[in-house]
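1. I need the structure of the sequence given here:
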Amino acid sequence: MAPAHLNFFTLPVNVLATISLVLSKNDTAQPRFSAILIFGDSLVDTGRFSDGKVISDFLASALGLKETVPAFLDPKLTNEDILTGVCFASAGSGYDDLTNAVYNSIPVLGYDDLTNAVYNSIPVMKQPDILKSYIDKLKSVVGEIKAQEIIGDSMVVVVAGSNDLLINYYGNPSRRNLALYDIGCRSIMVAGFPPLGCGQGQNLIFTTCLDPKNSDSQTYNIKLEELLPEIQAKLPGSKLVYANLFTLFVDMVINPIKYGFLVTTRGCCGTGIFETGPLCSSLTPVCSNPAQYVSWDSIHPTQAAAGYTSQYLQTNALSQF
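-> Next up, the predicted model:
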């Protein structure tokens, strides 16, 4: 059976992330999503570096699929979980294989070895290799034909890019989107970076946002917006849409009361300056009301911030397809 075409949109979702939201839909006017498949880094992996839900959980809930997205490698995974989608994400992963090597994580898209090398992660482009095992499992539950229908009608979320920035500066959106197109993606929304100089980890010494890093974000965004029409012209049948989240995150910092936030200069966990991921554990003191904080730790957003991000995606991204 020929592979189903997938429709992608790519978005960064916090100070250190790029999110690619992949939408598979029928040829009908109103798309229907049968499952949600998550690829990427610690913003969406099941470690959930947050005080609660992460962005992908909110998206899955909004689609009426499930309240949280379980890990495919979880030995307790049920057939019901299999039917409505799973998470393949690995903390510290990136498009760059070097990033994945550093973090010892699962690569996002098989590119950029440095990011993945640093974190010992699974690169996002290689995470789809695990998808083959998921499809085999899905076939064993519902049969080959139904499994193909579910895969072809799934929303796939890819959250990556922040770790590549930390290790390798900028990624290459051209090859990234070409890779997505080659596997059947046609509708691709690509968002620029948010204000990279405003992350808590950037403020270890400085108490304000770092203008040079924010300037880099804006420069990248301008070039990205100019590049997308060129990429689209080379990809017959594709539609690439630029989405700007820079303003959204600046607004959360400048006008926090509007979102119910009181603290923007540090995270809720520990000192709120350098702790991140596993350093925020049951042994680490946390703030009394995370909902008043934009950041959970020095990198990741709180559940409240993730919820606002999901709302933004639903209103300003999904509505354009």
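
2. can you pull out the helices in this structure?
-> 55-62, 79-84, 97-102, 114-119, 127-142, 144-152, 162-168, 173-182, 211-233, 246-254, 303-316 (DSSP state H).

3. nearest to residue 267, out of these?
-> Of all those, it is helix 303-316 that lies closest to residue 267, at 10.6 Å by C-beta to C-beta. For the C-beta atoms, the positions are set from N, CA and C on the backbone; glycine is no exception.

4. residue 316: neighbour count?
-> Using other C-beta atoms under 10 Å, residue 316 has 16 neighbouring residues.

5. ok, now residue 241?
-> There are 16 residues near residue 241, going by other C-beta under 10 Å.

6. what bridges to it?
-> Beta-bridge partners recorded for residue 241 (DSSP bridges): residue 189.

7. what's the separation between it and residue 131?
-> For residue 241, the distance to residue 131 (C-beta to C-beta, to the nearest Å) stands at 25 Å.

8. ok, now residue 37?
-> Separation of residue 37 from residue 131 (C-beta to C-beta): 7 Å.

9. common neighbours of these two, please.
-> Here residue 37 and residue 131 share the contacting residues residue 88, scored by C-beta atoms under 8 Å, 6 or more residues apart in numbering.

10. and those two? Which one has more around it.
-> residue 37 (25 against 17).

11. for the closest residue to residue 248 other than its chain neighbours, give me the pLDDT.
-> With C-beta to C-beta, 6 or more residues apart in numbering as the criterion, residue 248 has its nearest non-adjacent residue at 6.0 Å, and that residue is residue 312. Turning to residue 312, the model gives it a pLDDT of 84.

12. just give me the neighbour total for residue 312.
-> By other C-beta under 10 Å, neighbour count at residue 312 equals 17.

13. ok now do the nearest residue to residue 149 once chain neighbours are set aside, which residues does it touch?
-> Using C-beta to C-beta, 6+ apart and skipping residues adjacent in sequence, the residue nearest residue 149 is residue 34, 7.1 Å away. Residues near residue 34 by C-beta under 8 Å, 6+ apart: 83-84, 149-150, 153-154.

14. give me the neighbour count for residue 58.
-> Residue 58 has 22 neighbouring residues, counting by other C-beta under 10 Å.

15. and the gap between it and residue 274?
-> Taken as C-beta to C-beta, the span from residue 58 to residue 274 is 27 Å.

16. what's the separation between residue 295 and residue 52?
-> In terms of C-beta to C-beta, residue 295 sits 14 Å off from residue 52.

17. please tell me I have it right and residue 224 contacts residue 242.
-> Yes - counting by C-beta atoms under 8 Å, residue 224 does reach residue 242; the two are 6.6 Å apart.

18. and these two? Which one has more around it.
-> Shown here are residue 224 and residue 242; by other C-beta under 10 Å, residue 224 has more neighbours (19 against 16).
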